[in-house]
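A.B. asks: Quick one, structure for this:
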Amino acid sequence: MEELVRAIALKHGKEGITIYAPASENEISSFERKVGFILPLDFGKFYSVCNGFECAEDIFRMIPLEEVRSDDYGKSWFSFAEYMIFSDCWKMKKKENDDYEIADGSLDEVLGSSLHEFLEKFLQGNVFDKDGLYDWQNVVRKK
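C.D. replies: This is a model prediction of the structure:
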């Protein structure tokens, strides 16, 4: 996860990127109490590496834990990424067996089940470019 965040920072360094300081164990635990479930391992790892980031490219953000608003989480999900000031977002949805899914903002389309894969798609093609997040969503839609 550290290497992936470093690669994203390097790619977006010229356009502008802010990587937030890691969330403390206390901040992660507090967030888990707020949403009512334990974060999946890769989300916990991500937030222990950095508490989100924002970059100028498409005004994309991995939302810091303390900025997840009450209308951005539910009993088994929360919004973790957004672009263009909440024009659209992506959500983590916990499944009953403690697995999870990454879905579009409406929770209608499941894109995958790996934060690492989500971040790799962003690294490859940002939000709109080839092999980026929306391209990934369009591939899933066609299946």
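A.B. asks: same for the helix or strand of the chain with the lowest mean pLDDT, what does it pack against?
C.D. replies: Considering only helices and strands, the least confidently modelled element of the chain by mean pLDDT, DSSP states H and E is helix 133-142, at a mean of 87. In terms of contacts (3 or more CB pairs under 8 Å, 6 or more residues apart in numbering; DSSP states H and E), helix 133-142 is packed against strand 110-112, helix 115-125. Yep, even glycine has a C-beta here, placed from its N, CA and C like the rest.
A.B. asks: by how many degrees do it and helix 115-125 diverge?
C.D. replies: For the pair helix 133-142 and helix 115-125, the angle between their directions (axes from the mean of the first three to the mean of the last three CA atoms, to 10 degrees) equals 120 degrees.
A.B. asks: contacting residues around helix 133-142?
C.D. replies: Helix 133-142 is contacted from outside by 90, 104, 109-112, 118, 121-122, 125-129, using CB atoms under 8 Å, 6 or more residues apart in numbering.
A.B. asks: Tell me, how many residues neighbour I28?
C.D. replies: 19 (other CB atoms under 10 Å).
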